[in-house]
Structure formats: C-alpha cells, structure tokens
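# what's the 3D shape of this:
(one chain, ligands or ions: 2)
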Amino acid sequence: MVQGMRTALFKSTGQVPVSRDGEPLTDGQISSAVEDVLAATQFVDIHTHLFAPAFGKLGLWGIDELLTYHYLEAEFFRSLFVENTPVSEATRGVVAVLKAFQLPTDRPDLAEARCFFEAQSIESHVRRVLQMAGVSIVVMTNDPLDPEEAAVWLKGVADHRQYRAALRLDRILCNWSSHWQVLAGQGYRVDERASGKSAAEVRRFLVDWYERMQPVYMAVSLPDTFEYPQETVANRLLKEAVLAACRELDLPLSLMIGVRKRVNPALRLAGDAVGRADLRALENLCREFPANRFLVSVLSRENQHELCVYARKFSNLMPFGCWWFMNNPSIVEEITRERIEMLGTSFIPQHSDARVLEQVIYKWNNTRRTLLSDTYRLLSEDGRGVTRGDIQRDVTRLFRSNAEAWTNLRAPVSGSQAQSS
Ligand code: RAT
Ligand code: ZN
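Numbers count the residues shown, from 1 in each chain. Ligands and ions are numbered 1, 2, ... in the order given. Here you go, the predicted model:
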C-alpha cells in the first residue's frame, strides 16, 4: 500500500518513485523530486510587462508579437532568423512556444501559427498560457504617465484574478523635466525644479494612483550612474515623495539598476545596454531608510555578488530575478548558485520580464530546468538527509512566498476581482 501511495504521489515525471515527504532521498531521487516539485508549484511572476485583457491592445500576444520582441530585434539586426539555427535564448524561446502549442517549428512562413493565435479568445488563452507556464499571478508594469495606459485606468479597470499592478516611476524620477507639466495639468502643485510643495504633491499623486491601481510595489529602472545621496531633483523626489509614500502605504520599492539607455538610439527599446553601477548608492538607501523595503535587481553581471553581500547586511533588501541581459541559462545558473550559497532561500530567483504573453511559457520552463538538484545533492553528501518536504518548502519560499511576504500580494483585492477571471 505504501509503495502504491508513493507511486501515486510522485509519478508526474514518470521516473523512479521517490520517498514520502519525511524520508531522506537518495542522490538518484533528489533530481526527480526537484523536477516534480518545480513542475507542481505555482509561481508568482514578480515583474513582467504584460497587461490584463481589460487593457486591450496594450497587452501583446501571438506569433507576430513574439517575433518582434525587442530582445530578438537586437539579434535580427545582426542576422536573419531564417538563415540561422535558432540557438540563442530569444530565438529558442520562439521555437519552444510553437512546440508548446504543437505548432510546426520548421516552416518558412507563419500561416499556421497566425491562424492558431487568431482563433484564440484572450481570456481563455491567458488562463491556458499561465497554466502551461505554472504561474498563478503575474505582476504588470503600470505607468500612470503613459497616456494610453492612464486612460484605461481612469475609465476604471475590473480587477483580474491573475494580474496585479506595479506603479512604475521612471518618468517621474528619471525624466521629471519632461513630465512635471502633466502632473501640473492634473492639478498637482509641482514645478520644474521640484521645489516648494512639489515633493508633497508628487506624494499625493502617488497615493491617488495607489488607490486606483492597488499596486503591489512601486518600481523604477535606474542607470548605472545612479548615486545616492546626491543633490538632484530625482533624489529629492525619491526621498521625499516615493520613499515616504512607500512607507505610508506599506509598499516595497523595486530598484532595477544598471541600464544604459539608447546606446544605439536607432534600435529604440532594443538599443539599451548595461553598465556596472556603484552599489554604494543602494547601501546608503538601505541604511538611511530602514523602514523601507527594497526589491532589487541589477543588470550587470559584475554587480551580482555585491548585491548578495548587501542582502546579508540589510534585511530590508530583497534581491530578485536575473534581469534582461542576465536572463540566459548560463548566467542564471551562476547567479542563482551564488545567491543560494550566500543567502539560502531568502531571495526571489527569477521573474520573466515577459512582454508578450506566451513568453512566460519558455521563460519559466527555462527557469524550471536550471539547478537546485545540485544544492540538495551537496547537502545530502554533507550528511543532512534531504526530504521532499524540504524541497517543497524551499521551492514555495523561493518562487512564491518570498514575493508574497515582501509585497502586498496576499492582500485581498477589492471589488469586482472575484467575478473576473
Ligand atoms: O527587459 C526588458 O524588457 C527591458 O526592456 C526593460 O523593460 C526592463 O525590463 C525594465 O523593466 O525596465
Ligand atoms: Zn522589465
């Protein structure tokens, strides 16, 4: 009977059954248990550029969007897809999505794939895609100063069971001179130098948008040259408006540090690059604002180790994800191993950054393929038996509950959420 139960409990990989929750696993059983647990656990995708169906055309999905993804554009710019084996991460991702829907991966034209996606209705397609990706919640990126997006929010958006908002601050913090007039036009008493009441008024603006969006965090992407403290308009707004509002609303601030915008402007979104940042700015923020929580991802490979060191020093710092140019299996493996070795399970290993809905399938599939088995093999060799229960607890923590604990993801969302899908 026990044997039957084991088989029933652990047959999803079709491999040798592993032990019950409390029994130590053998080396051979560890990798299939890790695979099983990763496959069965619903993840939280803490940062994407996806939009709930209510946002209409802002939400990208389907084969044409997959092929014009800016990660791919930068590669097309070098050589044509059809003339090359799709071995890069982004090209392989398109192949994996086609295969996931049992569409042909070797056709020179897109007719069949287009036909398939055109036949889908977005609500059920979203449910299916997220289920295939093993993701229950995706966090969007929501910019109150994007005119198209703001118009949708102002009309009123029904909450969606699987999407949450994140209030994005780039236009306010990184490009105040071009945007303060929008706030002024909406009745906030701000000026170009962010003097006088401006910071208090930006804070009021953020609280108003918090009411509208119910975001789970606020976020900004910062250049490699970011410094704090330094007397700049951005830093004044960061300190007096953003961090103050985050404390008042009990929201973390996500800092994504290290982008060098438009090194090749002709490529637009695909023209950004990476630079190593001086993370002393982060150290200063974590120390000066112990009552704020910081969710942080850094773009440069060289900054990853320092980020772990700072996370050991400051409990208000949570590293997350392998961002953008870091999101390649070889680098993800390295960063995640480093984080486990330095932080145990107190970090959020990955986010998808998906812009096109179906990308979550291959991005999370890749994440599930990397590592962890090795971590448990080493622990087992060192003499601590590893159980399936250990693995389940750690995977849940890493890919779900750390995000829930740090953001207000757990908080019940009001109103129409319960009715929408
Ligand atoms: O990874 C990306 O898609 C980038 O273009 C950025 O959008 C980045 O993720 C960001 O959120 O700024
Ligand atoms: Zn992003």
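
# can we go C-alpha only for contacts and neighbour counts from here?
Fine.

# separation between residue 303 and residue 254?
Residue 303 sits at a distance of 16 Å from residue 254 (criterion: C-alpha to C-alpha, to the nearest Å).

# show me where this protein has its strands.
43-45, 135-139, 163-164, 167-168, 218-223, 253-260, 273-274, 294-298, 317-319 (DSSP state E).

# ok, back up a step: ok, residue 303 and residue 254, which is more surrounded?
residue 254 (25 against 18; other C-alpha atoms under 10 Å).

# and that one, what's its pLDDT?
According to the per-residue confidence, residue 254 scores 98 in pLDDT.

# you'd agree it is up against residue 215?
No: the pair residue 254 / residue 215 is not scored as a contact, 11.8 Å apart, by C-alpha atoms under 8 Å.

# the residue lying closest to residue 369 once chain neighbours are set aside - how many residues pack around it?
Excluding its sequence neighbours, the residue lying closest to residue 369 (C-alpha to C-alpha, 6 or more residues apart in numbering) is residue 35, at 7.9 Å. The number of residues packed near residue 35 is 18, by other C-alpha under 10 Å.

# can you pull the contacts of residue 210?
residue 167 (C-alpha atoms under 8 Å, 6 or more residues apart in numbering).

# from ligand 1, how far off is it?
According to C-alpha to the nearest ligand atom, to the nearest Å, residue 210 stands 19 Å off from ligand 1.

# likewise for residue 208?
23 Å.

# picking that back up, can you tell me which of the strands of the chain is nearest to residue 344?
Residue 344 lies closest to strand 317-319 among those, at 12.1 Å (C-alpha to C-alpha).

# what strands flank that closest one, and is each parallel or antiparallel?
Strand pairing for strand 317-319, determined by DSSP bridges: strand 294-298 (parallel).

# for the residue in the stretch 251-400 of the chain positioned nearest to ligand 1, give me the pLDDT.
Closest residue of the stretch 251-400 of the chain to ligand 1, C-alpha to the nearest ligand atom: residue 324 (4.3 Å). Each residue has a pLDDT score; the one for residue 324 is 96.

# who touches it in this structure?
299, 353.

# and residue 88, how many residues sit next to it?
12.

# relative to ligand 1, how far out is it?
16 Å.

# what comes up buried for stretch 398-407?
For stretch 398-407, the neighbour count (16 or more other C-alpha atoms under 10 Å) marks 398, 399, 400, 401, 402, 403, 404, 406, 407 as buried.

# do the same with stretch 341-357
In stretch 341-357, counting by 16+ other C-alpha under 10 Å, buried: 343, 345-357.

# tell me which of those residues is nearest to residue 52?
The closest of the buried residues of stretch 341-357, once distances to residue 52 are taken by C-alpha to C-alpha, is residue 357, at 9.8 Å.

# any figure for the gap between the nearest residue to that closest one once chain neighbours are set aside and residue 150?
Among residues not flanking residue 357 along the chain, residue 61 sits closest, at 5.0 Å (C-alpha to C-alpha, 6+ apart). Using C-alpha to C-alpha, residue 61 is found at 21 Å from residue 150.

# these two: which is more packed in?
residue 61 (20 against 15).

# isn't the more buried one up against residue 129?
No: the pair residue 61 / residue 129 is not scored as a contact, 10.4 Å apart, by C-alpha under 8 Å.

# who touches both of the two?
Common neighbours of residue 61 and residue 129 (C-alpha under 8 Å, 6+ apart) are 357, 358.

# check the gap between residue 356 and residue 200 for me.
From residue 356 across to residue 200, the span is 36 Å (C-alpha to C-alpha).

# which stretches of the stretch 251-400 of the chain form helices?
With DSSP state H, counting those that start in this stretch as the criterion, the stretch 251-400 of the chain has helices at 280-288, 304-313, 329-343, 359-369, 373-381, 388-396.

# nearest to residue 25, out of those helices?
Once the helices of the stretch 251-400 of the chain are compared by C-alpha to C-alpha, helix 388-396 is nearest, at 7.4 Å.

# tell me which residues are up against the closest one.
19-25, 33-34, 37-38, 41, 43, 345.

# what of stretch 185-195?
So stretch 185-195 is in contact with 176-177, 180-181, 183-184, 196-199, 201-202, 205, 233, 236-237, going by C-alpha under 8 Å, 6+ apart.

# how many residues are close by the closest residue to residue 249 other than its chain neighbours?
Using C-alpha to C-alpha, 6+ apart and skipping residues adjacent in sequence, the residue nearest residue 249 is residue 207, 7.9 Å away. By other C-alpha under 10 Å, 19 other residues sit near residue 207.

# quick check: residue 207 touching residue 245?
Yes: Residue 207 lies in contact with residue 245 (C-alpha under 8 Å); the separation is 6.8 Å.

# roughly how far does the closest residue to residue 319 other than its chain neighbours sit from residue 229?
Once flanking residues are discounted, residue 319 sits nearest to residue 296: 4.8 Å by C-alpha to C-alpha, 6+ apart. Here residue 296 is placed at a distance of 18 Å from residue 229 (C-alpha to C-alpha).

# so for those two, which sits in the more crowded spot?
With neighbours defined as other C-alpha under 10 Å, residue 296 and residue 229 compare such that residue 296 has more, 22 against 15.

# tell me the bridge partners for that one.
Here residue 296, judged by DSSP bridges, has bridge partners residue 255, residue 319.

# where's it relative to residue 66, distance?
Taken as C-alpha to C-alpha, the span from residue 296 to residue 66 is 27 Å.

# with residue 262 instead?
Residue 262 is 22 Å from residue 66, by C-alpha to C-alpha.

# neighbour count winner among these two?
Higher neighbour count among residue 262 and residue 66: residue 66, with 22 against 14, using other C-alpha under 10 Å.

# mind listing what the more buried one touches?
Counting by C-alpha under 8 Å, 6+ apart, residue 66 has contacts 94, 356, 358, 359.

# state whether the last one and residue 97 are indeed in contact, as I suppose.
Same thing as residue 359. Yes: with contact defined as C-alpha under 8 Å, residue 359 reaches residue 97; the gap is 7.2 Å.

# quick one: which of the two has more around it?
Counted by other C-alpha under 10 Å, residue 359 and residue 97 do not tie: residue 359 has more neighbours, with 25 against 22.

# nearest to ligand 1: which residue in the stretch 151-300 of the chain?
Among all residues of the stretch 151-300 of the chain, residue 221 sits closest to ligand 1, at 5.2 Å; criterion: C-alpha to the nearest ligand atom.

# can you give me the pLDDT of that residue?
So, for residue 221, pLDDT stands at 98.
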